[in-house]
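J.: Prediction below, plus the sequence it came from.
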2 protein chains.
Amino acid sequence: MNYNQLLENIKKKKSFLCIGLDTDLSGIPEFLLESEDPVFEFNKRIIDATHSYAVAYKPNIAFYESRGSAGWVSLAKTVQYLNSRHPQIFLIADAKRGDIGNTSKMYAKAFFENLDFDAVTVAPYMGEDSVSPFLSYPGKWIVLLALTSNKGADDFQFIQDIKSHQPLFEIVLEKSKLWGTKENMMYVVGATKAEMLEQIRKIIPDFFLLVPGIGAQGGSLQDVARFGLNKNCGLLVNSSRGIIYADKSDRFAEVAAQKAGEIQQEMASILSEHHIL
Amino acid sequence: MNYNQLLENIKKKKSFLCIGLDTDLSGIPEFLLESEDPVFEFNKRIIDATHSYAVAYKPNIAFYESRGSAGWVSLAKTVQYLNSRHPQIFLIADAKRGDIGNTSKMYAKAFFENLDFDAVTVAPYMGEDSVSPFLSYPGKWIVLLALTSNKGADDFQFIQDIKSHQPLFEIVLEKSKLWGTKENMMYVVGATKAEMLEQIRKIIPDFFLLVPGIGAQGGSLQDVARFGLNKNCGLLVNSSRGIIYADKSDRFAEVAAQKAGEIQQEMASILSEHHIL
């Protein structure tokens, strides 16, 4: 999917919501465990109920991988279902991969060829040649970790460079923005650090940001929008547990839709206020 | 596997060789492509031929993941084969994972429960809570990225901290060495930077180092040993392509054994010279 298609879909749906599919056998309603593939069955019902409110879905690969090849089958079915029913939806593999060139090439193959994702999240520690193999696929994207939403973000991401006086996550932004373009690269910026988005927008005004941490992790949508929006929206805000696990009864999909709808409504107002619609 | 078992096996085999199973359909001998599971068949023959020279094997997860669930099946069969035939061999999932706590927990489940690996490689960018879920498994290890062997290592790993004047990879060592012990944590240190092992050993004298980059990536075993050995060996040196793809004929396993044997001989001399045997 290209930049304009993503932007068009944001405007059409009045939403920049990404729904995280962190689907775990221990988290889904019990009655689904009798299905042939409970994880896919859960995802399918969540997707059916919520797709009109979301412009992106983000399966969290760890949750599938924890079940080995069976998990990988559930993941493949989920990707196929989304791509066949909702081809305009942006599909992110939340995988945080990154390795030497010939290995990153294999990860790119996994997520862009074997599975037809639009984007994959990538960790920056190993530098340019660990990232660039993902960028050689036309119409595919990477979402590079910059500033994460967890406590451990403080351990290394704020180390201040003796030369530039910039923290590590800003140096990641400064260097990596030259490796790709706003048409094939986004950044992960945690919502729990919303006030830092102002400075981040000075470094990368045009790139899309994928913002996790709304809901269960405690971030505020209003703060994120205030500091993070650009003239083409430039935001995908993710919610996982707050939507998909909002209810554990047989009404789970309906409640998920309600939660997603509430966020979409808030997003529609934000997009109007900022004259993006 | 615990520290003493690993050390005993190093002494018994007079080897600190780790063989990387970067197994790819396009790299294996053509005649194997007719097997039911060519990747597993290749791995099995490589393991049968080389196991007496190696103390560890390291499947590179990207190569399996690139084939989706089928690749995951080949990986599971390889792990099971190694664990049932050679339980004294240390098994490393080269996966470079790392995410927020509840997600890292799922990756730990994938590699320590669903697949019975002894260790998994982990990326440090997201800090302590992205690493610690892997450390809660008794007898299991992480191998944390510190200094990698690729060109991109220069992009961020050498950023110098304004306070300590240490480069990022040293700060990763200083902080993370408090998260685990030499009994459950190792570090990845690239062989192409062998001279830096001297400084690294000052920070972490007792931890094992997993050293990639011998062979195809150009590092020297003598240099690595000179700067990296400690009194309990403290090294696992990896070779992947230089062993498993040394020959593409039906003699591939024999040639792999020869290559592994040559390295093991060199390692035996090194261990003797350094009075570790």
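T.: Thanks, I have it.

J.: I would like the residues contacting whatever helix or strand A:E174 lives in, please.
T.: Taking DSSP states H and E as the criterion, A:E174 maps to helix A:168-176. Applying C-beta atoms under 8 Å, 6 or more residues apart in numbering or on different chains, the contact partners of helix A:168-176 are A:124, A:128, A:131, A:144-147, A:156-159, A:161, A:164, A:166, A:185, A:187, A:199-200, A:203-204, B:155-156, B:159, B:168. Backbone N, C-alpha and C define where each C-beta goes, glycine included.

J.: Kindly supply the PyMOL command isolating those of those that are buried.
T.: A single PyMOL command is used to select the members of the contacts of helix A:168-176 judged buried by 16 or more other C-beta atoms under 10 Å in any protein chain shown:
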select buried, (chain A and resi 124+128+131+144+145+146+147+156+157+159+161+166+185+187+200+203+204) or (chain B and resi 155+156+159+168)
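
J.: so where's chain A uncertain?
T.: A:215-219 (pLDDT under 70).

J.: Now do the strands in it.
T.: For chain A, the strands defined by DSSP state E occupy A:17-21, A:56-59, A:90-97, A:119-122, A:141-147, A:185-189, A:208-211, A:235-239.

J.: So is the fifth one next to chain B?
T.: Yes - residues of strand A:141-147 are located near chain B by C-beta under 8 Å from any C-beta of the partner chain, namely A:L145.

J.: quick one: that strand to chain centroid distance?
T.: 9 Å (C-alpha atoms, centre = their mean, to the nearest Å).

J.: Look at the single nearest residue of the stretch 1-150 of chain A relative to chain B and say how many residues are nearby.
T.: At 2.3 Å from chain B, A:G127 is the closest residue in the stretch 1-150 of chain A, using C-beta to the nearest C-beta. Other residues near A:G127 number 24, with proximity taken as other C-beta atoms under 10 Å in any protein chain shown.

J.: That one contacts B:F158, doesn't it?
T.: No - using C-beta atoms under 8 Å, A:G127 is not in contact with B:F158, being 9.9 Å away.

J.: check contacts around the closest residue to A:F158 other than its chain neighbours.
T.: Leaving aside its chain neighbours, A:F158 sits nearest to A:P167 (4.6 Å; criterion: C-beta to C-beta, 6 or more residues apart in numbering or on different chains). By C-beta under 8 Å, 6+ apart, the contact list for A:P167 reads A:157-161.

J.: try A:E113
T.: B:S66.

J.: Against A:N232, how distant is it?
T.: Distance of A:E113 to A:N232, computed by C-beta to C-beta, to the nearest Å: 29 Å.

J.: Kindly report the same for A:F134.
T.: Taking C-beta to C-beta as the measure, A:F134 falls 22 Å from A:N232.

J.: Look at these two and report which has more neighbours.
T.: Between A:F134 and A:N232, counting by other C-beta under 10 Å, A:F134 is the more crowded of the two (27 against 16).

J.: Does the more buried one touch A:K140 like I think?
T.: Yes - shown here, A:F134 and A:K140 form a contact pair, counting by C-beta under 8 Å, at 7.2 Å.

J.: Which neighbours do the two have in common?
T.: Common contacts of A:F134 and A:K140 (C-beta under 8 Å, 6+ apart): A:108, A:112.

J.: Could you check how many residues crowd around A:K175?
T.: 17.

J.: er, A:E198 actually
T.: So A:E198, with other C-beta under 10 Å, has 11 neighbours.

J.: nearest residue to it other than its sequence neighbours?
T.: A:F227 (4.8 Å).

J.: List the residues that contact that neighbour.
T.: Residues counted as contacts of A:F227 (C-beta under 8 Å, 6+ apart) are A:194-198, A:201.

J.: Contact partners for A:G261?
T.: By C-beta under 8 Å, 6+ apart, the contact set of A:G261 is A:Y53.

J.: Going along the chain, name the helices of the stretch 101-250 of chain A.
T.: With DSSP state H, counting those that start in this stretch as the criterion, the stretch 101-250 of chain A has helices at A:101-108, A:128-131, A:153-156, A:168-176, A:197-203, A:221-228, A:241-244.

J.: could you dump these to JSON lines with distance to B:T181?
T.: Formatted as JSON lines, the helices of the stretch 101-250 of chain A follow (distance: least, C-beta to C-beta, whole Å):
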{"stretch": "helix A:101-108", "distance to B:T181": "28"}
{"stretch": "helix A:128-131", "distance to B:T181": "29"}
{"stretch": "helix A:153-156", "distance to B:T181": "18"}
{"stretch": "helix A:168-176", "distance to B:T181": "26"}
{"stretch": "helix A:197-203", "distance to B:T181": "37"}
{"stretch": "helix A:221-228", "distance to B:T181": "39"}
{"stretch": "helix A:241-244", "distance to B:T181": "33"}
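
J.: Looking at the ones you listed, spot the one closest to B:I263.
T.: Minimum separation from B:I263 across these (C-beta to C-beta) falls at helix A:101-108, 20.8 Å.

J.: what angle separates the closest one from strand A:90-97?
T.: 140 degrees (axes from the mean of the first three to the mean of the last three C-alpha atoms, to 10 degrees).

J.: Run through the neighbouring helices and strands of helix A:101-108.
T.: Contacts defined by 3 or more C-beta pairs under 8 Å, 6 or more residues apart in numbering or on different chains; DSSP states H and E place helix A:101-108 against strand A:90-97, strand A:119-122, helix A:128-131, helix B:61-65.

J.: Just grab the bridge partners of A:V122 for me.
T.: Applying DSSP bridges to A:V122 yields these beta-bridge partners: A:R97, A:L144.

J.: Could you double-check that it lies in contact with A:S132?
T.: No - shown here, A:V122 and A:S132 do not form a contact pair, counting by C-beta under 8 Å, at 10.1 Å.

J.: any common contacting residues for the two?
T.: A:S104.

J.: Between these two, which has more neighbouring residues?
T.: Taking neighbours as other C-beta under 10 Å, A:V122 and A:S132 compare with A:V122 leading, 28 against 17.

J.: Contacts only, for the more buried one.
T.: A:95-98, A:104, A:130-131, A:134, A:142-145.

J.: what separates it from A:R97, distance-wise?
T.: Distance from A:V122 to A:R97, by C-beta to C-beta: 6 Å.

J.: who touches both of the two?
T.: Common neighbours of A:V122 and A:R97, counting by C-beta under 8 Å, 6+ apart, are A:S104.

J.: got a list of what A:S136 touches?
T.: Contacts of A:S136 were listed using C-beta under 8 Å, 6+ apart, and they are A:A108.

J.: A:E183: how many residues sit nearby?
T.: A:E183 has 15 neighbouring residues, counting by other C-beta under 10 Å.

J.: got a list of what it touches?
T.: Neighbour list for A:E183: A:2-3 [criterion: C-beta under 8 Å, 6+ apart].

J.: Close to chain B: what parts of the stretch 151-277 of chain A are there?
T.: Contact residues (C-beta under 8 Å from any C-beta) of the stretch 151-277 of chain A with chain B: A:151-157, A:159-163, A:165, A:168, A:171-172, A:175, A:217.

J.: Leaving out sequence neighbours, find the closest residue to A:G228.
T.: That would be A:L197: by C-beta to C-beta, 6+ apart, it lies 4.1 Å from A:G228.
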